[in-house]
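Student: Return atomic coordinates for the entry below.
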Amino acid sequence: MKIKYDSETDSIYVVLSDDKIIESEETSKDVIVDYNAKDEVVAIEILNVKTNEHSIDLPFVLKSA
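Tutor: Now for the predicted structure:
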């Protein structure tokens with residue numbers, strides 16, 4: 001797992017796998033989940049980290065992981 005913070009965009013990107021991203025879905029406001037060809041979670045991106053509160057339902061997000 002890799003976690004990267006980008007101060008320019010105020011976003012955190014959590015990489016769970018090096019698989020190719022096939023699809024991305026905004027699961028809630030400012031939370032984007034990337035999936036591979038097997039519909040498994042590859043990465044999670046959280047936008048506006050410092051300016052907004054975020055709530056992530058990990059069991060929902062990782063349903064196919």
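Student: Quick check: buried residues in stretch 12-19?
Tutor: Neighbour counts over stretch 12-19 (16 or more other CB atoms under 10 Å) mark 13, 14, 16, 19 as buried. In short, each C-beta sits where N, CA and C put it, glycine included.
Student: Please identify which helix or strand holds the last one.
Tutor: Yep, that's residue 19 we're talking about. Counting by DSSP states H and E, no helix or strand carries residue 19.
Student: residue closest to the middle of the protein?
Tutor: Nearest to the mean C-alpha position of the chain, counting by CA atoms, centre = their mean, stands residue 44 at 1.1 Å.
Student: pLDDT (mean, whole number) over the helix or strand hosting it?
Tutor: Using DSSP H and E, residue 44 maps to strand 41-46. For strand 41-46, mean pLDDT rounds to 92.
Student: try stretch 3-21
Tutor: Rounded mean pLDDT across stretch 3-21 is 94.
Student: what about the strands in this protein?
Tutor: Secondary structure of the chain by DSSP state E: the strands cover 2-6, 11-15, 23-28, 31-35, 41-46.
Student: Export the buried residues of stretch 12-19 as CSV, with columns for distance to residue 6.
Tutor: Below are the buried residues of stretch 12-19 laid out as CSV (distance: CB to CB, whole Å):
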residue, distance to residue 6
13, 7
14, 12
16, 18
19, 21
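Student: What is the burial count for residue 27?
Tutor: The number of residues packed near residue 27 is 14, by other CB atoms under 10 Å.
Student: meant to ask about residue 33
Tutor: 23.
Student: Residue 52 too?
Tutor: Neighbours of residue 52 (other CB under 10 Å): 11.
Student: give me every residue that touches it.
Tutor: 29, 30 (CB atoms under 8 Å, 6 or more residues apart in numbering).
Student: measure it to residue 4 for me?
Tutor: 19 Å (CB to CB, to the nearest Å).
Student: same question, residue 37
Tutor: Applying CB to CB to residue 37 and residue 4 gives a distance of 23 Å.
Student: buried stuff in stretch 21-31?
Tutor: Quick answer for stretch 21-31 (16+ other CB under 10 Å): 30, 31.
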